[in-house]
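Asker: Make a model of this:
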Amino acid sequence: MLKPLAEDKWDFPAAAHLLNRAGFGGPPAEIEQLVALGPRQAVSHLLDYEQTPDPWPNPDWAQPEPQRVERLLALRQMPPEERRKVLMEERKKQQQYLLQLRGWWLQRMARGPRPFQEKMVLFWHGHFATSFAKVGDAYLMWRQNELFRRLATGDWVQLLVEAGKDPAMLVWLDQGQSRKEHPNENFTREVMELFALGEGHYTEKDITEGARALTGWGYDRANQKFVERPRLHDDGEKVIFGQRGHFTGENFIGLIVQRPQAARFITAKLWQFFAGEPPSEALTTELAALFRQSNNHFKPVLRAMFQSEAFHAPSVVRNQVKSPVQWLVGSCRSLERNLPPIPVCVNLLRNLGQDLFAPPNVKGWDGGLAWITTNNLLNRYNQAMTLVAGDPAGMPMPNFPNRPAINRAIAERLRNAKLGAVDLDKILTEREQTDRSALLASLERRLLQAKLTPNQERALRNYLEAQSGLDAGDILATIRFIMCTPEFQLT
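Answerer: Predicted coordinates for the structure are as follows:
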């Protein structure tokens, strides 16, 4: 099932498919570079990102606060009214940090040197879905994001253990409150149901005993870090998956990963994320076997996936609905334009259904056809005008319930945002800007890596022929038209 793609099948559409799925797409020149490398080296170019320097700076505030303990102590001693005022200011500051964090990550996806690493971070963010709404600390959300970046393609046991000890996760699933007298089962249940095994592959007894094993994993709020609290750990004998022992949290996660279902679950989820469809039983078996042979490391599995004929099958290519993040970042990369101002990006993604650092629930985003509702599709069409022509009229306006003043203030900022149109001289030659056939061929290659349907091509040709001469407005309208086709919503 993982037979490598033949060299003679490696061409521009195949390289574009790899870059779209293992990254966020890119302009024709970037795709041509992958074509020149050949299928094996092209995959290595993306997957072996450690060889590419990454000088991207962290946000200035993304570091522990040495004075945090003193500040919290002082807060407790304040009169109630003063404390409320300070807490309100802190919430405003955290919201500002969150906005900057979203922008920081989007810029990494759009302009960073390691697109595949960022795509993996996006996968893990949806997998270990954690929301700022409960965590309330932008530093912790950044720290978790960096954890996913650091361990993006490494050891599964290490990632599960470190994700479980991550401060944002400890707060999100209340594991930091678990103690031997009252074990908390939230993380225990989710690590088996959502993170590592799937429903039906554990018992309620496994949940109860696993929660006992995890007691003592705590969160030091003052110092914003994980702490082991042996006095709160239940060191008694436990029975998990039929095995008996004095298991710790690390032991419990090790037992999970040893289950035959564990390799099948996580490799199938990776395949579905990148290929856009569930793997067959035979393919799942092969992926899981390779994962075990690789000592539960992800990179060998991902390399085999991306090099395989199955990944380039007709049922896989251009058959995955773009997520809002993929739509935004990929559109900007293909059009070789900067991202809009970050408040515009955040508002745009929220209206398309993918608010980074705020997944809808512990299961994350459903993805696939769930991205395409009547309203979301209309929003994509409207916001294509924002990206192409720099027209704020295409931007959705904020609608925070019962907050009219905030709505008006944000709406005014969005309307005044300086977006700028696509630089046509950057993406089209002089001939392509004057010859209708050359223009359509160039835009098909850039935006679709495929042909328009006959009806779409006819409609566009009729529109262009009706113009006395091609001007920038006609070309921008043509780009927007292509971005409003059903085909552009797929990758």
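
Asker: Ends of stretch 150-160, what's the gap?
Answerer: Chord length of stretch 150-160, first to last residue, is 13 Å (C-alpha to C-alpha, to the nearest Å).

Asker: what comes up buried for that stretch?
Answerer: 151-153, 155-157, 159-160 (16 or more other C-beta atoms under 10 Å). Every residue, glycine included, has its C-beta placed from N, CA and C.

Asker: any chance of these in a markdown table, with pLDDT, distance to residue 182 and secondary structure too?
Answerer: Shown next, in a markdown table, are these (pLDDT from 0 to 100; distance: C-beta to C-beta, whole Å; DSSP: H, G, I helix; E, B strand; the rest coil):
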| residue | pLDDT | distance to residue 182 | secondary structure |
| --- | --- | --- | --- |
| 151 | 98 | 31 | coil |
| 152 | 98 | 35 | coil |
| 153 | 98 | 37 | coil |
| 155 | 98 | 32 | strand |
| 156 | 98 | 30 | helix |
| 157 | 98 | 27 | helix |
| 159 | 98 | 28 | helix |
| 160 | 98 | 24 | helix |
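
Asker: Thought residue 142 was touching residue 62, still the case?
Answerer: Yes. Residue 62 lies in contact with residue 142 (C-beta atoms under 8 Å); the separation is 4.6 Å.

Asker: Comparing these two, which residue is more hemmed in?
Answerer: For the pair residue 62 and residue 142, the greater number of neighbours falls to residue 142 (23 against 18), based on other C-beta atoms under 10 Å.

Asker: My read is that residue 351 contacts residue 379, right?
Answerer: Yes. Using C-beta under 8 Å, residue 351 is in contact with residue 379, at 5.1 Å.

Asker: Are we agreed that residue 218 is in a helix?
Answerer: No. Read with DSSP: H, G, I helix; E, B strand; the rest coil, residue 218 is strand and lies in no helix.

Asker: Run a quick neighbour tally on it.
Answerer: Counted with other C-beta under 10 Å, residues neighbouring residue 218 total 20.

Asker: and if you look at residue 456?
Answerer: As a burial measure, residue 456 scores 18 neighbours (other C-beta under 10 Å).

Asker: The one 5 residues further on now?
Answerer: Neighbour count of residue 461, defined by other C-beta under 10 Å: 14.

Asker: Could you do the one 10 residues further on as well?
Answerer: As a burial measure, the neighbour count of residue 471 was computed by other C-beta under 10 Å and equals 11.

Asker: quick one, helices of the stretch 351-491 of the chain?
Answerer: Ranges of helices in the stretch 351-491 of the chain, per DSSP state H, counting those that start in this stretch, are 374-389, 404-415, 424-427, 436-443, 454-465, 472-483.

Asker: try the stretch 51-200 of the chain
Answerer: For the stretch 51-200 of the chain, the helices defined by DSSP H, counting those that start in this stretch cover 68-76, 80-111, 115-127, 132-135, 138-150, 156-165, 167-172, 186-190.

Asker: Going by neighbour count, list what's buried in the helix or strand just after the last one.
Answerer: Going down the chain from helix 186-190, the next helix or strand is helix 204-214, by DSSP states H and E. For helix 204-214, burial by neighbour count (16+ other C-beta under 10 Å) applies to 206-207, 209-214.

Asker: mind putting those residues in JSON lines, pLDDT and distance to residue 242 included?
Answerer: Output for the buried residues of helix 204-214, formatted as JSON lines (pLDDT from 0 to 100; distance: C-beta to C-beta, whole Å):
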{"residue": "206", "pLDDT": "98", "distance to residue 242": "9"}
{"residue": "207", "pLDDT": "98", "distance to residue 242": "14"}
{"residue": "209", "pLDDT": "98", "distance to residue 242": "11"}
{"residue": "210", "pLDDT": "98", "distance to residue 242": "13"}
{"residue": "211", "pLDDT": "98", "distance to residue 242": "17"}
{"residue": "212", "pLDDT": "98", "distance to residue 242": "16"}
{"residue": "213", "pLDDT": "98", "distance to residue 242": "15"}
{"residue": "214", "pLDDT": "98", "distance to residue 242": "19"}
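
Asker: Please identify which of these is nearest to residue 486.
Answerer: Residue 486 has its nearest neighbour among the buried residues of helix 204-214 in residue 207, at 43.5 Å by C-beta to C-beta.

Asker: And the closest one, how far from residue 98?
Answerer: Distance of residue 207 to residue 98, given as C-beta to C-beta, to the nearest Å: 32 Å.

Asker: and if you look at residue 41?
Answerer: Applying C-beta to C-beta, the value for residue 41 to residue 98 is 39 Å.

Asker: In terms of neighbours, single out the busier of those two.
Answerer: In this view residue 41 and residue 98 are compared by other C-beta under 10 Å, and residue 98 has more residues nearby, 20 against 11.

Asker: So for the more buried one, what's the nearest residue that isn't a sequence neighbour?
Answerer: Closest residue in space to residue 98, ignoring its immediate chain neighbours: residue 138 at 4.8 Å, by C-beta to C-beta, 6 or more residues apart in numbering.

Asker: I figured the one you found hits residue 94, correct?
Answerer: Yes. With contacts counted by C-beta under 8 Å, residue 138 reaches residue 94, the gap being 5.4 Å.

Asker: Where does the prediction get shaky in the chain?
Answerer: Filtered on pLDDT under 70, the chain yields the residue ranges 391-418.

Asker: domains of it?
Answerer: Domain segmentation of the chain under automatic domain parsing yields 7-47+260-312, 324-415, 424-489.
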